[in-house]
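S.K.: Sequence below, structure please.
(one chain, ligands or ions: 1)
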Amino acid sequence: MIFQSTKSEDKLAAETVKQLPLSSRQKLCINPAVARLGSLSAINDRCTELQQSKSKEKCPFMPSAENLKQTHEFRDAALATIPDIEDLHRIGKDLQVCPYYASRTAIPGAEVITLPYPLLLQKSARDALGIKLEGNVVIIDEAHNIMDAVANVYAAEICLSELRKARQMLGIYVKRFGKKLKGENRVMVAQIGKVVESLSECLNGQLGAKVGLIFPLVGPTRLTSSRASKASSMRTPC
Ligand code: SF4
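M.R.: Numbering: from 1, shown residues only. Coordinates of the predicted model:
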């Protein structure tokens with residue numbers, strides 16, 4: 001939750017607090033063909049696809065010059081009440097304008113903004129929304145979940161087969177271009193190799209794989225030595 005300071009604080013006593021909840025496309029999408037996809041990533045991907053200049057189809061609810069009046073009405077309605085996510089969805093549906101994007105027009109006028117962890121924790125997301133933390137009060141509800149939320153925002157999923165493939169590709173790359181790499185690049189490639197190898201060891205350990213399944217890709221010393229390209233080799237695990 002973010003409290004934004006405004007210049008008209010003296011008017012607060014007489015006015016309703018301008019509160020705005022922000023949420024994901026999954027909760028706010030009003031395009032039936034997109035909303036029915038269900039998962040957050042599928043809805044995000046489809047919405048982004050529809051906005052590509054190459055896309056023949058466009059989402060008719062996206063705020064634009066054609067529906068500027070509805071977008072302004074949405075902003076005013078959102079700030080005139082204390083809406084929850086369902087209210088924003090309903091207002092957007094009534095006005096036929098996307099609540100996910102139209103909510104952004106209400107951000108500058110809002111005094112209290114509630115938003116999910118991912119939008120708060122990622123600077124890129126805050127920048128896209130025009131939200132600045134400096135000079136504002138941030139209240140974190142259910143703060144015991146913050147570490148998990150940070151991990152979720154910055155975590156990536158990877159499986160053992162992808163790591164094996166990465167090792168294989170890295171081995172081929174080193175074999176082909178090892179001699180041409182500059183010192184710094186050789187070190188970086190070796191570091192990637194070590195990371196891939198360590199992650200593979202970890203996953204193999206978790207899977208209870210037999211000792212000996214891990215095949216060394218190429219150690220940093222070997223890659224950075226003058227005979228690196230000859231020494232580097234790759235064996236595909238069974
Ligand atoms: S612009 Fe809004 S309504 Fe249209 S697909 Fe994206 S999230 Fe859904």
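
S.K.: rest of the way, CA atoms for contacts and neighbours
M.R.: Fine.

S.K.: ok, now how distant is L22 from the ligand?
M.R.: As judged by C-alpha to the nearest ligand atom, to the nearest Å, L22 and the ligand stand 13 Å apart.

S.K.: er, Q96 I mean
M.R.: Using C-alpha to the nearest ligand atom, Q96 is found at 9 Å from the ligand.

S.K.: And for H89?
M.R.: Distance check for H89 against the ligand: by C-alpha to the nearest ligand atom, it reads 10 Å.

S.K.: Just to check, that residue is in contact with Q26?
M.R.: No: counting by C-alpha atoms under 8 Å, H89 does not reach Q26; the two are 10.8 Å apart.

S.K.: Report the backbone C-alpha coordinates of the helix or strand hosting N152 in PDB.
M.R.: In this structure, N152 sits in helix 146-154 according to DSSP states H and E. Provided in PDB are the C-alpha atoms of helix 146-154 (Å, rounded to 0.1, in the frame of the first residue of the first chain):
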ATOM      1  CA  ILE A 146       7.800 -10.600   1.600                       C
ATOM      2  CA  MET A 147      10.800 -12.900   1.300                       C
ATOM      3  CA  ASP A 148       8.800 -15.500  -0.700                       C
ATOM      4  CA  ALA A 149       7.400 -12.700  -2.800                       C
ATOM      5  CA  VAL A 150      10.900 -11.400  -3.600                       C
ATOM      6  CA  ALA A 151      12.000 -15.000  -4.500                       C
ATOM      7  CA  ASN A 152       8.900 -15.400  -6.700                       C
ATOM      8  CA  VAL A 153       9.500 -12.100  -8.600                       C
ATOM      9  CA  TYR A 154      13.200 -12.900  -9.300                       C
END
